[in-house]
Structure formats: C-alpha cells, structure tokens
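Asker: based on what follows, work out the 3D shape:
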Amino acid sequence: QLQLVESGGGLVQPGGSLRLSCVASGFTLDYYAIGWFRQAPGKEREGVSCISSNGGRTNYVDSVKGRFTISRDNAKNTVYLQMNNLKPEDTAVYYCAVYRTAVQGVCAMSPAFFRSWGQGTQVTVSS
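Answerer: You can find the predicted model right below:
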C-alpha cells in the first residue's frame, strides 16, 4: 500500500534550520512529482514546494524562496525539504504528498492535484 511518512520536524529558534524527510513505501517515487505543503492553525493548507519526478524542475511559494530547498534521492525513495533561516510564520504542520499521476516534468503546488498524504510533522519556530 502506498504510504508517505514525514519526519524531521521540531522546535527551533528563529533563524534556525531543519531538514524534513518524506519517505515513500509501497511504490517507487521515481515517476512521481512530490509536493511539500503546510497548514497552520486556522489556515488553509498551502503548497510550499514541489519537485518533478527526475528533480529537474522545482518550485517554491514566494514566502520561502531563498530559504527552503527541495531535493530528492530516488535511490532512497526519499524527498527532502531543507529549511534555513526559519521564521515564526513558518510554524505549521508540514505534509508531503504524491502528484496524482506519473508524469515527467510536472511541478505543481495546488493540494488538489496530490494524493496519498503523509501524517505530517510539526514545525514550530519560536524563541
């Protein structure tokens, strides 16, 4: 059964860093774009970043550009989100998900296009 598991969240001070991991089981990530999303209390889920199936295309929401980096290691069936210079407004539950179809070159950030959501990992940025 297709499953995604996120890890790496935690409590960090403003300006700190975290690296989130999204490990897939039950299927091979190689053919799928992956997205990272976040949801803060009282807010809608928003797309943070995406990466195409071969890693050649990435995209970021404006608020994290220059601070977050998405990458993937298909041999490990894992996608990462390196988050640097974290801000209090980055506090949220972070989720990864799989693009709805196996297609090359796609990098989308609308939650509606994704499936098989992980359980999420909490990121809290506070002094």
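
Asker: please count neighbours and contacts with C-alpha atoms only from this point.
Answerer: Fine.

Asker: so what touches the lowest-mean-pLDDT helix or strand in the chain?
Answerer: Ranked by mean pLDDT, DSSP states H and E, the weakest helix or strand in the chain is strand 114-115, scoring a mean of 92. Contact partners of strand 114-115, identified using Cα atoms under 8 Å, 6 or more residues apart in numbering, comprise Gly35, Ala97, Val98, Tyr99, Arg100.

Asker: surely Val5 is in a strand?
Answerer: Yes. Applying DSSP: H, G, I helix; E, B strand; the rest coil, one finds Val5 inside a strand.

Asker: so what's it bridging to?
Answerer: Taking DSSP bridges as the rule, Val5 bridges to Val23.

Asker: that one and Ala24 touch, don't they?
Answerer: Yes. Under the criterion of Cα atoms under 8 Å, Val5 makes contact with Ala24 at 6.6 Å.

Asker: out of those two, which sits in the busier spot?
Answerer: Ala24 (23 against 18; other Cα atoms under 10 Å).

Asker: mind listing what that one touches?
Answerer: For Ala24, the contacting residues are Leu2, Gln3, Leu4, Val5, Asn77, Thr78, by Cα under 8 Å, 6+ apart.

Asker: surely the third one and Gly118 touch.
Answerer: Yes. Because the distance of 4.7 Å satisfies Cα under 8 Å, Leu4 is recorded as touching Gly118.
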